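Participant: give me a model of this one.
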Amino acid sequence: MAASLSSIFTIHPHCALRIKLNTHSFNHTHKLIQHFFITSPPKRCRFITTPFALKFSSSFSKTPKFNDENNVPSLHHFISQAQAQATPPALTASDTLPHIDDVASSEVLPRGRIYQETYGCQMNVNDMEIVLSVMKTAGYEEIVNEPESAEIIFINTCAIRDNAEQRVWQRLNYFWFLKRHWKSNVATGRSHSFRPPKVVVLGCMAERLKDKILDSDKMVDVVCGPDAYRDLPRLLEEVDNGQKGINTLLSLEETYADISPVRISKNSISAFVSVMRGCNNMCSFCIVPFTRGRERSRPVESIVKEVAELEKEGVKEVTLLGQNVNSYNDAGDEEVEPGVDWKLSDGFSSKCKVKKVGLRFADLLDRLSLEFPEMRFRYTSPHPKDFPDELLYIMRDRHNICKNIHLPAQSGNSNMLERMRRGYTREAYLELVDKIRSIIPDVGLTSDFICGFCDETEEEHEDTLSLVRAVGYDMAYMFAYSMREKTHAHRNYLDNVPEEIKQRRLTELIEVFRESTGQCFDSQIGSTQLVLVEGPNKRAPETELIGKSDRGHRVIFTNMPVPDWVDSDGDRIPRVGDYVEVRILKSSRASLFGAALAITTMSSFYNVGQNEAVASL
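Facilitator: Numbers count the residues shown, from 1 in each chain. Here you go, the predicted structure:
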């Protein structure tokens, strides 16, 4: 089944003839005008002018030159890349031929159906929504649910770990089969596309492995990096002209602030909103600065506008996204008071100095939480260095900022943290944990850990296990280390921990985590939680509902009528998007189980109006 974003077009067999006219001289400026002469039953003709574009020869980005002191890609590297491919000026109205508008819109053929797959982080999900918005504007309206029915296949990739890349290569092999054997696939009913699909690789893997991807036996038609999605329509046209399409230039500015994403999940109560891109931290194991570029933040106003649109669509929970989301810095064009310092968490350092300080992450949360009091806000993924006190106090004081903090540790040993270039010690990390819990007592903490990083000893591994026991995380992402090219570790260290030892240490870490996380869930028994209903529990869809608490825990409760305190209209069964008070009765290591008490609002549950009245006395 094909889900149309705005309308469903009927596709008829047709033939198309492209005629290229020679260049003409207008006012000493050479301009290229292309016309498409399309005929389809019944035979009718139409001239279509396409946007003017100069055809640049594709060039591959070279390995960045590094600042000798910190191995950081220099600013000149990104500027030179950006200048290498300037955007040509658009034609004015007088430069184009008039349209012939005598063909009904229903007879205009759709440009191709789209299928998409997304791998990796939540930022990639949001990026795909931006891609669909760009394509919709260019006339690519229809999305299908299977690659066999698509004329354009997008695969949005992740380069953080090797296993993610291997899954992408497996899918590319299948897409190559659909394209290479298109005629026989159609004849046997395996495919239902109307022409061989164009395969487009997007995202971090596209940036990291562009040469290898394009050289893979005509497997891929277009390679497009994270900052170049606006260029996709032009790159697809280059494929029609018999060329490979590639644009992996990284930007120095926020690229998509003015684009309203086309949400992949319709009628959803939650959404992701990107507030910044890139990362300046240069951790020795991480490829993100090389695939995503330098940090740049969206203006606050553009974020507020997008969240307001989501509120109108019924979204109740927004997750703010960024590679280092709490380093958000909307410096804008205004003059900044000289001498303003970039405040870090106590005991933390950064290799990258911020020259111009504007509105920070606490300011953004302050604005959003006040303007949208009935909408929950979460954020990911932060860095522990960017938790100044004002951010913690904003989280404590605002009822709609979820009391859940992702605090990636990566290791529990100070020597290992130094080799990882994390900018803190074990002691500083634990002091930050204590400060967070003193300011926000019921906070939920989650984390990231890497097992088997270069030169890791058994003693250093034991320190990581003891850190997990000491902190007691609600949830953690745990991985065996995989070396990534271009990183500081790739240039300076040896990946010398055997794979079997990595896997053994990972197993031990998971077991220790499971022992400690049960205590976090058990501590919620007897409490009353505000749960945002997400839908039926898949294990018992007829009798149970599932939702998420403020702290991020999954909460399961019986599907039965409860008092409706919002509309005061008696009892009813909670629906998706309702806030429900739930008394927690028992727990497991991954979920809470309880009994629904009533349907309510965030303001009522937290007595926001009453607290404000008391504060004003």
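Participant: show me the protein divided up by domain.
Facilitator: Domain assignment of the chain by the TED database yields the ranges 113-247, 265-401, 403-522, 525-615.
Participant: weakest of those domains by average pLDDT?
Facilitator: Least confidently modelled of those is domain 113-247, at a mean of 85 by mean pLDDT.
Participant: can you add mean neighbour count and give the domains of the chain back as TSV?
Facilitator: Where C-beta positions appear, they are placed from N, C-alpha and C, glycine not excepted. Formatted as TSV, the entries for those read as follows, by neighbours: other C-beta atoms under 10 Å:
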stretch	mean neighbour count
domain 113-247	19
domain 265-401	19
domain 403-522	18
domain 525-615	16
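Participant: list the contacts for K403?
Facilitator: K403 is in contact with 395-396, 440, 442-444, 550-551, counting by C-beta atoms under 8 Å, 6 or more residues apart in numbering.
Participant: and V580, that's in a strand?
Facilitator: Yes - secondary structure of V580, determined by DSSP: H, G, I helix; E, B strand; the rest coil: located in a strand.
Participant: do I have it right that it meets V533?
Facilitator: Yes - with the criterion set as C-beta atoms under 8 Å, V580 and V533 qualify as a contacting pair; they are 5.8 Å apart.
Participant: which residues do these two both contact?
Facilitator: Residues touching both V580 and V533 (C-beta under 8 Å, 6+ apart): 547, 574.
Participant: what sits against the nearest residue to A138 once chain neighbours are set aside?
Facilitator: Counting by C-beta to C-beta, 6 or more residues apart in numbering, the nearest residue to A138 once its immediate chain neighbours are dropped is P233, at 3.9 Å. Contact criterion C-beta under 8 Å, 6+ apart gives 134-135, 138, 140 as the residues in contact with P233.
Participant: of those residues, closest to S191?
Facilitator: Each of the contacts of P233 was checked against S191 using C-beta to C-beta; the closest is Y140, at 18.9 Å.
Participant: distance check, the closest one against I152.
Facilitator: According to C-beta to C-beta, to the nearest Å, Y140 and I152 sit 7 Å apart.
Participant: host element of R378?
Facilitator: Counting by DSSP states H and E, the secondary-structure element that holds R378 is strand 376-380.
Participant: give the next helix or strand downstream of that strand.
Facilitator: Using DSSP H and E, the first helix or strand after strand 376-380 is helix 389-397.
Participant: beyond that next one, next helix or strand please.
Facilitator: Beyond helix 389-397 on the C-terminal side, the first helix or strand identified by DSSP H and E is strand 404-406.
Participant: got the CA coordinates for the helix or strand following that following strand in CSV?
Facilitator: On the C-terminal side of strand 404-406, the nearest following helix or strand under DSSP H and E is helix 414-419. Extracted C-alpha coordinates of helix 414-419, given in CSV (Å, rounded to 0.1, in the frame of the first residue of the first chain):
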residue,chain,number,x,y,z
SER,A,414,40.3,8.2,34.8
ASN,A,415,43.3,7.1,32.7
MET,A,416,40.9,5.6,30.1
LEU,A,417,38.8,8.8,30.1
GLU,A,418,42.0,10.7,29.3
ARG,A,419,42.8,8.5,26.4
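Participant: which parts of the stretch 451-600 of the chain are strands?
Facilitator: Remark: strands assigned in the stretch 451-600 of the chain by DSSP state E, counting those that start in this stretch are 475-480, 528-536, 544-548, 554-558, 562-563, 571-572, 579-587, 591-600.
Participant: done for today, thanks.
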